[in-house]
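In: model the structure of this input:
(chains A, B, C and D)
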Amino acid sequence: MSEASGLAAALAGIASLKTAEAPDAKSGCQGLHTVGREAIVEVGRVFREAGYMLEMLTALDMRAAEQAMHVVYQFNRFGAPDRHRVRVVVPAGEAVPSLADLFGSANWYEREAFDMLGVRFDGHPYLVRILTEEGADYHPLLKDFGVAPAAAEEAAGG
Amino acid sequence: MTPRTFNDIFGNPYLAVLAATTVIMGYLTVNALMIIWMERKVAARMQRRLGPTERGKFGLLQSIYDMGKLIGKELITPTHVNKGLYLAAPVLVFAPVLALCSLIPVSQSWVFHDYDIALVLLLAFSGLAVIGIFSAGWGSNNKYSLMGAVRSVSQTIAYEIPLILSALAVVMMAKELNLYQIVAKQEGLWNIVLQPVAAVIFLISATAETNRAPFDIPEAESELIGGFHTEYSGMRFGLFFFAEYSNMIIACSLATVLFLGGWHGPLLPGILWFFIKVYALIFVMMWFRWTFPRIRFDQLLSFSWLVLTPIAIANLFVTAVVSKLV
Amino acid sequence: MGRIKEIAKGARSLIGSMGVTLKHLKDEPVTVEYPAERAPISPLQRNAIRLIEKEETPGSHNCIACLQCEKICPSNCISITGYRPEGLAMKRPETFDLNFALCSECGLCLDVCPTATLGYTKVYDKAGYTRADFFHDLLEEYRETEEQVVEHLREADRRKKAEREAKRKAEAEAKAKEAGDAQ
Amino acid sequence: MAELIQIASDEDRDTFYLNMGPQHPSTHGVLRLRLHLKGERILSAEPIIGYSHRAHEKMAENRNYIQFLPNPSRVDYLSGMIYSIGYCQAIEKAIGLEVPERAEYIRVICNELNRISSHLLWFGTFLLDLGGVTPFLYCFDDREKILDLLDLVSGSRLTYCYGRFGGLVNDVTDDFLEGTARFCTAFRERLREYDRLVTQNVIFRNRTIGVGVMRPELAQQFGITGPCLRAMGMARDVRRDEPYGIYDRFEFDIPTRTASDCFDRYLVRIAEMEQSMRIVEQALAKLPDGPIMAKKIPRKIAPAKGEYYFAVESARGHFGMFIVSDGSEIPYRIHLRTPSFANLSTMRTVLPGTLLADTVSILGSIDIVLPEIDR
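Out: Residues are numbered from 1 along each chain as shown, chains lettered A, B, ... in the order given. Just a heads-up that it's a prediction; the model follows:
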């Protein structure tokens, strides 16, 4: 328990961090936070020092509603889950500091988020596409990246 | 006791050479095809499969169809290879095999050639194949092939030593380098009884010399794809393939000659006994292959230098002392 | 000495391994020689869909062209056009095409079918050279009997209607009687 | 952290680059490893992925929750049952749907059978990487029996779409129950045989013991999960830590080892197969009668606006689904957190310093399924 309260105290020390009240059990998380993008490295360091791993990192295209991308970090510890989802709201087209120096897994996760949704990460050592082809000029998981209707696909495929 | 050689039988050296070449070529071709069939069947049965069944009875003709396929294939020469080495390699690998076969005494009554130093010649020639493998690897101008070739050279050198040392123990006992005489002296008591350690070392080294699994690291398809023969196709690849199986025959024949008493055996004619023993040994080699995972390269070398060679030397030493005392 | 022991232990383990393969050498192979013999397939095995013959519509399917399966299909491999025959309450399919090349055999179409007329074929090894080989016309086998079935359905509809009418009449009569009794 | 591969200068003649893959016998799919080698020793390694990217996440955004059902099992085709049922469980949790008892038990049986089949395939291909062909075929023989069993209930052999929101498609038959019990008995015998054929084998031991050691700090740094993590000595398993379905009702151990080398990862998986059989046998004994579909299933599957995260233990580790709903029938975003993605990303720190032959066994030992990484 002291570990968790230590973590809470450390998180409380970060100015721009807002923690949501008692998350719903359905969310699968024990803590939901929002943080300014300049503080995300600090947040990452707090979690890393508390022995948490970066379980998941992804981005959400929220440009339609709020002209911004959400980068979602999910930290968890080994054992009984204590999952913290940290959200960073980034205005579309701007970059987020990279966590690649703190977490090895962030390296690929951030590359994936960049590849899929075009979120750039400042200070990433090797921010190139990871899943789609080299030199592509699209980010397929953006909402305005359309899909070809099945019929057109069929015609193209022969 | 001296056997008749082909020279005696035909009375003409040129005719003898021609006849020997024909017989050996014919034998090697049929043998390679049959061993391939046998290998596939043995492997299949060990893995609870059926193996080839479609062509001929029990799939006996399958290998012939496969050979037809290999011959019918276009010979592709990649543009980046060193042409000379690349083209020479399959021949270089296959040629020593032919020469070696003529030295094996298969029967009590006749041999192809009867040399007094046949064993030395045999061991010397068997080392030649590695030149072919190396030129294949180097000439292919492919990183995987090169690694396969490098591995092959160091492996051959490493295993030649225990192979020769274990053969030497037999030579010491027989006081003879003539293979026919070595066999003749084993009448009644095979060398394997007197030299079990040498026999085991010889079999292991021979497996390694022929690049058979678990010592097949020059090819190592899970690491090096095909190793030295990655870039070969069609019958050029086929020659490598034939050479491997023919080498098996030679290694097993030599083991039979040195340790299993060659043609000696009750009831059946000597030549039949000889082949029974050879194919039994080949079966053991196949058994190895389909049971064991591959040894890692560095472990392979240290196994040779740190385990097999010291044991072979100790065995040789004991043999020397005992044969002096007896 | 330890080294020799180690070597001996290693050799023993190798011989143990060889024992396993030798033991299997005399075992019966497990291979099924496929084109010549076929392993039994699961009764639930999912393959291309077909329309099953239903007892309500002897000799034919009971598809009502509700397009539920077309809508649910994640791969858009079903396309149906329906028509309403004269004097019938339900629609009948005019075309029912399956593009099996796209199908992922998820079985969602069977789940949603209200008349349970969709089933799986037992053909699991169909091969073809072009995509057109995988267009299945599911109505093919039933086209001949279609008119008969429509007639049968009309008959059934009429009968049902008559029954319903009779029932209503009976009910009304009963009600009237009841009302009469109550008075 | 991320040492990038610098192109060697002309003077650097001792080293060379080797592209292992995308077409290579032992990269288990289309993985490319860009290796910097000195002789056979690896100086640096960079896995390059994405060759089998099929845009499952994009597909999710273009179809409704029901239509996404066939997809999860195709993400990881070796533990397709676990993925497919995991997805159902995630949505059931999001919309608050109760699943009947019988369905829950059948789900557990199928999941664990699938886990065994996945581990068996891994076992076979791992030995194939090491050059042993025969165990591969024995494993496939055993795996075939599991596939037959799962085919009996689900109708598919590999990419199952067996789960539905609120239950399952088909009920199990007596054939299946008997067959499963028979399989468990027969398979125990087979495991003893594998022990003699492989585990005791000195060549195999030499190839795996002490090879590919993952330092424990990598676990936190990279978020390693699954058997790779348990081989590091951490008894972590989603089934135990945050039980989903009815996994809290079963008794099973979480096998762990401490050396974290290839051999330990191998032993952990073998022990896991035994534990899975234990679970299967308990579930078979307790299997209740009853329906297999929930009574009231909403016609529209539309979780309330919000974000959901649900994790299951796949054969390779922690598989998480991050579902963002905007309240409609079509998911706003489904992100799949696949275990192999994290496990493979450790390779650039684990591989340097090892031999080329070890690369193959290390890659094999972490049990990667490329389509699951690329999604």
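
In: quick one: secondary structure of D:Gly320?
Out: strand (DSSP: H, G, I helix; E, B strand; the rest coil).

In: that one contacts A:Met56, doesn't it?
Out: Yes - D:Gly320 sits in contact with A:Met56 when judged by C-beta atoms under 8 Å, with a separation of 6.0 Å. No exception for glycine: its C-beta is placed from N, CA and C like everyone else's.

In: what do these two both touch?
Out: D:309, D:337 (C-beta atoms under 8 Å, 6 or more residues apart in numbering or on different chains).

In: what residues are up against the residue of the stretch 201-326 of chain B found nearest chain C?
Out: Residue of the stretch 201-326 of chain B nearest chain C, by C-beta to the nearest C-beta: B:Thr291 (4.5 Å). Applying C-beta under 8 Å, 6+ apart to B:Thr291 gives the contacts B:46, C:14, C:17-18, C:20-21, D:132, D:134, D:197.

In: mind doing that once more with 10 Å?
Out: Contacts for B:Thr291 (C-beta atoms under 10 Å, 6 or more residues apart in numbering or on different chains) come out as B:46, B:213-214, C:14-15, C:17-22, D:132-135, D:197, D:201, D:203.

In: just the buried ones among those, please.
Out: Among those, those classed as buried by 16 or more other C-beta atoms under 10 Å in any protein chain shown are B:46, B:213-214, C:14, C:17-18, C:20-21, D:132-135, D:197, D:201, D:203.

In: what does the model give the closest residue to chain A within the stretch 101-250 of chain B for pLDDT?
Out: Nearest residue of the stretch 101-250 of chain B to chain A, counting by C-beta to the nearest C-beta: B:Lys143, 22.6 Å away. Looking at B:Lys143, its pLDDT stands at 83.

In: so what does it have for phi and psi?
Out: Backbone torsions of B:Lys143, given as degrees, to the nearest 10, read phi -60, psi -40.

In: count the neighbours of the nearest residue to it once chain neighbours are set aside for me.
Out: In this structure, B:Lys143 finds its nearest non-sequential neighbour in D:Leu18, 5.4 Å apart by C-beta to C-beta, 6 or more residues apart in numbering or on different chains. As a burial measure, D:Leu18 scores 18 neighbours (other C-beta atoms under 10 Å in any protein chain shown).

In: give me the element D:Leu18 is part of.
Out: Using DSSP states H and E, D:Leu18 sits within strand D:15-20.

In: tell me which strands and helices that strand is in contact with?
Out: Helices and strands touching strand D:15-20, by 3 or more C-beta pairs under 10 Å, 6 or more residues apart in numbering or on different chains; DSSP states H and E, are helix B:143-174, strand D:32-38, strand D:41-48, helix D:356-365.

In: Serialize the ones you listed to CSV and add fields for distance to B:Ala95 and mean neighbour count.
Out: Listed next are these as CSV, based on distance: least, C-beta to C-beta, whole Å; neighbours: other C-beta atoms under 10 Å in any protein chain shown:
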stretch, distance to B:Ala95, mean neighbour count
helix B:143-174, 16, 22
strand D:32-38, 33, 19
strand D:41-48, 35, 19
helix D:356-365, 31, 26
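
In: okay, the ones you listed in TSV with distance to B:Phe112 next?
Out: Formatted as TSV, those follow (distance: least, C-beta to C-beta, whole Å):
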stretch	distance to B:Phe112
helix B:143-174	20
strand D:32-38	47
strand D:41-48	47
helix D:356-365	41
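
In: for D:Glu112, which of those is the nearest?
Out: helix D:356-365 (22.0 Å; C-beta to C-beta).

In: what about that closest one, near chain B?
Out: Yes - contact of helix D:356-365 with chain B (C-beta under 10 Å from any C-beta of the partner chain) involves D:356-361, D:364.

In: what does the average pLDDT come to for that helix?
Out: For helix D:356-365, the mean confidence score works out to 86.

In: equivalent analysis for stretch B:100-114, please.
Out: Rounded mean pLDDT across stretch B:100-114 is 74.

In: for D:Pro100, what are its contacts?
Out: Shown in contact with D:Pro100 (C-beta under 10 Å, 6+ apart): D:106, D:166-168, D:288, D:290-295.

In: just checking, the residue of the stretch 101-250 of chain B closest to chain A touches B:Gly227?
Out: No - checked against C-beta atoms under 10 Å, the pair B:Lys143 and B:Gly227 is beyond contact range at 11.1 Å.

In: contacts only, for the nearest residue in space to B:Ser145 that is not next to it in sequence.
Out: In this structure, B:Ser145 finds its nearest non-sequential neighbour in B:Gly137, 4.4 Å apart by C-beta to C-beta, 6+ apart. Residues near B:Gly137 by C-beta under 10 Å, 6+ apart: B:85, B:89, B:143-153, B:218, B:224, B:227-231.

In: against A:Ile14, how distant is the residue lying closest to D:Gly290 once chain neighbours are set aside?
Out: The spatially closest residue to D:Gly290, leaving aside those adjacent along the chain, is D:Arg102, at 4.4 Å (C-beta to C-beta, 6+ apart). Separation of D:Arg102 from A:Ile14 (C-beta to C-beta, to the nearest Å): 49 Å.

In: equivalent analysis for D:His119, please.
Out: 43 Å.

In: just give me the longest helix of chain B.
Out: When chain B is parsed with DSSP state H, its longest helix is helix B:13-46.

In: who are the packing partners of that helix?
Out: Going by 3+ C-beta pairs under 10 Å, 6+ apart, helix B:13-46 lies up against strand B:4-5, helix B:6-10, helix B:62-72, helix B:83-101, helix B:234-259, helix B:270-289, helix C:2-25, helix D:134-154.

In: so for the second one, mean pLDDT?
Out: Yep, that's helix B:6-10 we're talking about. 71.

In: with the longest one instead?
Out: Predicted confidence along helix B:234-259 averages 84 (mean pLDDT).

In: all strands for chain C, in order.
Out: Counting by DSSP state E, chain C has strands at residues C:49-51, C:78-83, C:92-99, C:118-120, C:135-137.

In: meant to ask about chain D, not that
Out: D:15-20, D:32-38, D:41-48, D:163-164, D:167-168, D:306-314, D:317-325, D:333-337.

In: whether the fourth one contacts chain C - can you check?
Out: Spelled out, it's strand D:163-164. Yes - using C-beta under 10 Å from any C-beta, strand D:163-164 reaches chain C at D:Arg164.
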